[in-house]
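Asker: Return atomic coordinates for the entry below.
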Amino acid sequence: MPDGNKKIKRVSWLLILGLIALWSDFNPAVKKDLEISLEGKRIDALSGAGLTINFLFRIANSAQVEYQIIKTNFRTLINQQEFFRLETPLETPISVPPRSSSLINLPVRITYAYLFEALPSLRNSEKFSCSVVGTLTFVDPRRRQQNLAFVAVADFPLFKEFILKFEPLRVKDVSLGGADLVFSFSLTNSNSTSWIFRSLEGQIELAGLKVAPFSYTFQDTLLPGESKKLEIPLLLDFFELGAALQASLEAPEVEVSLSGEMEIESEWGKFRLPLSGQEKVAIIKNDFSYHSYL
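Answerer: Presented below is the predicted three-dimensional model:
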């Protein structure tokens with residue numbers, strides 16, 4: 001009888017092993033054909049309203065068949081507090097070819113207003129940690145599904161826009177044909193971290209008229225609360241711009257505006273941001289006399 005029991009046990013183990021092998025054929029998760037790794041993290045669409053964190057994942061497929069990503073399902077935590085959950089079936093599946101890999105981007109949009117409304121305890125923070133935890137759902141050619149888990153973490157700042165302040169317009173000389181003046185303004189870093197000021201380009205307007213484009217490059221680090229003043233000399237031609245501008249420069253003040261882009265850089269990356277402002281400023285005149293061409 002003991003020999004009979006041994007035979008029964010042996011048959012039972014063989015049956016179990018056979019079922020495991022059979023289950024492995026129908027469950028791709030056992031084969032571990034797919035692996036996911038974090039390729040990189042990137043912040044873009046930075047502004048005073050928020051930013052987007054891009055998590056770049058590399059999906060490696062060691063199988064002889066193609067897999068397709070059909071759904072993402074993840075939750076986002078900010079400073080270990082749950083911010084939102086998102087499950088997204090993909091209208092167009094993402095292919096992961098056999099014996100190859102694919103790079104996918106998982107963007108997370110952070111809006112400061114919604115962040116502080118959802119998690120008011122973070123309102124006084126200047127730096128945050130964003131964690132994404134979830135799964136990607138794949139199908140193979142036989143439409144069998146497999147979930148692959150992922151976790152990634154990225155830091156991001158509370159960004160505040162630079163403060164643009166116009167200085168009084170310095171008019172050095174005016175004649176019937178034109179004017180020699182200096183257009184000045186300052187930019188203040190209102191953030192709690194330093195930023196490198198790389199470039200600035202745009203258009204200057206006086207009294208509603210476009211008077212001059214400008215373009216500058218820099219290598220200046222602006223510490224928190226620090227300002228940079230720029231002085232742009234302008235030589236204006238009234239025959240080209242019109243006599244109305246001459247009359248505007250004779251007034252006590254004039255409306256000035258600036259529109260363009262600035263490039264800044266920090267540990268968070270390099271960004272191009274829009275820059276614009278409009279204001280009435282005082283006119284400071286040097287001693288000059290009108291020169292007649294008659």
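
Asker: so where's this structure shaky on pLDDT?
Answerer: Counting by pLDDT under 70, the ranges of the chain that qualify are 1-31, 287-294.

Asker: got the domain boundaries for it?
Answerer: As assigned by automatic domain parsing, the chain contains the domains 32-157, 163-285.

Asker: for the last one, how far is the first residue from the last?
Answerer: Chord length of domain 163-285, first to last residue, is 26 Å (Cα to Cα, to the nearest Å).

Asker: Next one: the residue nearest to F55 when sequence neighbours are not counted relative to K285, how far apart?
Answerer: Among residues not flanking F55 along the chain, L106 sits closest, at 4.4 Å (Cβ to Cβ, 6 or more residues apart in numbering). (Each C-beta comes from the backbone N, C-alpha and C, glycine too.) Distance of L106 to K285, computed by Cβ to Cβ, to the nearest Å: 58 Å.

Asker: Looking at the two, which has the bigger crowd around it?
Answerer: Neighbours were counted for L106 and for K285 using other Cβ atoms under 10 Å; L106 has more, 19 against 15.

Asker: Now that one: which helix or strand?
Answerer: strand 100-111 (DSSP states H and E).

Asker: Sort out which residues of the helix or strand just after that strand are buried, please.
Answerer: For strand 100-111, the following helix or strand on the C-terminal side (DSSP H and E) is helix 112-118. Using 16 or more other Cβ atoms under 10 Å as the test for burial, helix 112-118 gives Y112, L115.

Asker: Strands along the stretch 1-150 of the chain, start to end?
Answerer: 34-47, 50-61, 67-78, 81-96, 100-111, 127-139, 145-157 (DSSP state E, counting those that start in this stretch).

Asker: Check the stretch 151-294 of the chain too.
Answerer: Using DSSP E, counting those that start in this stretch, strands in the stretch 151-294 of the chain cover 163-166, 169-174, 178-188, 195-206, 209-222, 227-237, 253-266, 269-285.

Asker: Export the ones you listed to JSON lines and append columns for distance to R123.
Answerer: Formatted as JSON lines, these follow (distance: least, Cβ to Cβ, whole Å):
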{"stretch": "strand 163-166", "distance to R123": "21"}
{"stretch": "strand 169-174", "distance to R123": "39"}
{"stretch": "strand 178-188", "distance to R123": "22"}
{"stretch": "strand 195-206", "distance to R123": "22"}
{"stretch": "strand 209-222", "distance to R123": "25"}
{"stretch": "strand 227-237", "distance to R123": "26"}
{"stretch": "strand 253-266", "distance to R123": "22"}
{"stretch": "strand 269-285", "distance to R123": "23"}
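
Asker: wait, which of those strands is closest to R142?
Answerer: strand 269-285 (42.5 Å; Cβ to Cβ).

Asker: quick one, the closest one and strand 50-61 angle?
Answerer: Comparing the axes of strand 269-285 and strand 50-61 via axes from the mean of the first three to the mean of the last three Cα atoms, to 10 degrees yields an angle of 160 degrees.

Asker: other SSEs contacting strand 269-285?
Answerer: strand 34-47, strand 163-166, strand 169-174, strand 195-206, strand 253-266 (3 or more Cβ pairs under 8 Å, 6 or more residues apart in numbering; DSSP states H and E).

Asker: Dump the ones you listed to JSON lines, plus distance to T135 and mean neighbour count.
Answerer: Shown next, in JSON lines, are the helices and strands packed on strand 269-285 (distance: least, Cβ to Cβ, whole Å; neighbours: other Cβ atoms under 10 Å):
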{"stretch": "strand 34-47", "distance to T135": "10", "mean neighbour count": "16"}
{"stretch": "strand 163-166", "distance to T135": "44", "mean neighbour count": "15"}
{"stretch": "strand 169-174", "distance to T135": "60", "mean neighbour count": "18"}
{"stretch": "strand 195-206", "distance to T135": "37", "mean neighbour count": "18"}
{"stretch": "strand 253-266", "distance to T135": "33", "mean neighbour count": "17"}
